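>>> below are the sequence and a predicted model; questions follow.
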There are 2 protein chains.
Amino acid sequence: MAERKPRKSQQELIIAEASRLFWEKGYAETSMKDIASACGFRPANIYNYFGGKEEILYEILLQEMMEIVSPIKHLKEDEGVDPVTCLRMLVENHVRLTLGEKSRSKLLFDVGLNNLSPARRKKIISLRDNYDQIGIAIIRRGKKAGVFSKEIDEKIAVFSIASIIARSRIWYSPKGKYSVDEIIEFIVQFSLRGLGAGTSAGR
Amino acid sequence: MAERKPRKSQQELIIAEASRLFWEKGYAETSMKDIASACGFRPANIYNYFGGKEEILYEILLQEMMEIVSPIKHLKEDEGVDPVTCLRMLVENHVRLTLGEKSRSKLLFDVGLNNLSPARRKKIISLRDNYDQIGIAIIRRGKKAGVFSKEIDEKIAVFSIASIIARSRIWYSPKGKYSVDEIIEFIVQFSLRGLGAGTSAGR
DNA sequence: AATAAGTGAATGGTCATTCATTAACTAATA
DNA sequence: TATTAGTTAATGAATGACCATTCACTTATT
């Protein structure tokens, strides 16, 4: 017989399909029946793996936020690497996760946050704060090193850069004119110039 | 006793309340009962003014897109004004509409587009295209005038700037640290630098 | 009287969730 | 090896809630 045994655990399957559907149709517009159908079984079975719909959303957000933060965590206090390289790594990692073909890492970021219970929302937001703090630290070091313009507000700058990346998935198309690498390059350059890096450093 | 007569037409009231609710809770999560309650009457009455829920969403999006595009339409072929000023006007108009306290102009941009019928979605998207075209024209003129960097891709640049603005509503708070004017100033400067307009280039 | 504004009740539909039950598989036992 | 017990995976049916929409009807306004 083909396979009765889960090649990957069913929970991963549910997460993957739900993640795709939530992004394609939205959280409220996706029914448990939709998710179950995509996985090849009936709605009731989902409750053997998750407490409910909200829990699925939570697990997706949690997983995706960690995927974004983990690979760049070390940049926060990495005094050795120069800020320009740090920023490039932050952008590249985030864009690749956002536009990558692996449907697993299609973050919803804050799209579905209000569908979460307060406790869970708090947890997700605290993870996002980590991301912000890393970006802020990088920019601050860049200012101190005279690489970025002194009058830049770190917080708004990080929000702005993250906004470009988060929204890139709306206008990006794999069949479109631009490759992921080109988009990364654009956002890196645009951000660096926006921060005042390049020709005139520091001031 | 006070006022039986609509000070403003009921349709405007419905649009205003629905717009606020759609933003706060999302389209699917907002019921006709919610909208009716916010307006002070019963769900059935809404159907005296609108064909249905989707039509309300459409009217909101239509109105908000036009509010964004109309005031800057003339910038597309305005050869007289310098590109830096043009870009500033585009950003300022968009940010004020996005963050302004008038709850009427709280655009959803493309948040609820997939809840629209194909024909209506097409109409809204064509309006958004207008916005993009204006931005592209401005940047192209700037490049020709030697104000912006030649290797900038106009399209991605406009998307990026619009992304920052559209998402600013997520992190902006009226009670927060920054005023709307400060945010405008930041986004304008960040965008101009991103486009390669150095301190020497602008004026 | 005639029109406009607003309503209560009903309709058909969908949805998330529960639960008792069956099917499928595993491991231990006789 | 054959049987059984136990565990996990999956299901069908039912529940209660909510929702958009319709329509005949009442109330208010001109």
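That came through fine.
>>> can you give the domain ranges for chain A?
A:7-51, A:53-194 (automatic domain parsing).
>>> so can I have a markdown table of those showing mean pLDDT, mean neighbour count and distance to DNA strand D?
For the C-beta atoms, the positions are set from N, CA and C on the backbone; glycine is no exception. Putting the domains of chain A into a markdown table (pLDDT from 0 to 100; neighbours: other Cβ atoms under 10 Å in any protein chain shown; distance: least, Cβ to the nearest atom of the strand, whole Å) gives the following:
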| stretch | mean pLDDT | mean neighbour count | distance to DNA strand D |
| --- | --- | --- | --- |
| domain A:7-51 | 93 | 16 | 3 |
| domain A:53-194 | 92 | 18 | 12 |
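>>> nearest to B:Gly100, of those?
domain A:53-194 (18.1 Å; Cβ to Cβ).
>>> start to end distance for the closest one?
For domain A:53-194, the first-to-last residue distance is 41 Å (Cα to Cα, to the nearest Å).
>>> again, but for stretch A:167-178
End-to-end distance for stretch A:167-178, by Cα to Cα: 15 Å.
>>> identify all contacting residues around that stretch.
A:95, A:98-99, A:101, A:106, A:180, A:183, A:186-187, B:110, B:153, B:155-156, B:159, B:163, B:166-167 (Cβ atoms under 8 Å, 6 or more residues apart in numbering or on different chains).
>>> what's the longest helix in chain A?
helix A:118-144 (DSSP state H).
>>> that one packs against which elements?
helix A:53-69, helix A:83-99, helix A:154-171 (3 or more Cβ pairs under 8 Å, 6 or more residues apart in numbering or on different chains; DSSP states H and E).
>>> which is the next helix or strand following the longest one?
Sequence-wise, the next helix or strand beyond helix A:154-171 is helix A:180-194, with elements assigned using DSSP states H and E.
>>> tell me how far that following helix lies from the chain's centre.
17 Å (Cα atoms, centre = their mean, to the nearest Å).
>>> give me the contact list for it.
A:84, A:87-88, A:91-92, A:95-96, A:99-100, A:157, A:160-161, A:164-165, A:168, A:172, A:178, A:198, B:149, B:153, B:156-157, B:160, B:190-191, B:193-196.
>>> can you give me the end-to-end distance of stretch A:134-152?
End-to-end for stretch A:134-152, by Cα to Cα: 16 Å.
>>> got the helices and strands packed on helix A:118-144 as JSON lines, with distance to B:Glu55 columns?
Converted to JSON lines, the helices and strands packed on helix A:118-144 look like this (distance: least, Cβ to Cβ, whole Å):
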{"stretch": "helix A:53-69", "distance to B:Glu55": "28"}
{"stretch": "helix A:83-99", "distance to B:Glu55": "33"}
{"stretch": "helix A:154-171", "distance to B:Glu55": "24"}
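>>> output the ones you listed in a markdown table; the columns should cover distance to DNA strand C.
Listed next are the helices and strands packed on helix A:118-144 as a markdown table, based on distance: least, Cβ to the nearest atom of the strand, whole Å:
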| stretch | distance to DNA strand C |
| --- | --- |
| helix A:53-69 | 4 |
| helix A:83-99 | 26 |
| helix A:154-171 | 23 |
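>>> in contact with A:Gly40, which residues?
A:Gly40 touches nothing, counting by Cβ under 8 Å, 6+ apart.
>>> quick one, phi psi at it?
Main-chain torsions, A:Gly40, degrees, to the nearest 10: phi 90, psi 20.
>>> and the gap between it and A:Met32?
14 Å (Cβ to Cβ, to the nearest Å).
>>> also A:Glu151?
51 Å.
>>> and for A:Ile68?
27 Å.
>>> quickly note the distance from A:Lys144 to A:Ile152.
Taking Cβ to Cβ, one finds A:Lys144 at 12 Å from A:Ile152.
>>> again, but for A:Val180
Relative to A:Ile152, and taking Cβ to Cβ, A:Val180 is found at 27 Å.
>>> for A:Asn114, same thing?
Distance from A:Asn114 to A:Ile152, by Cβ to Cβ: 31 Å.
>>> same check on A:Phe186?
20 Å.
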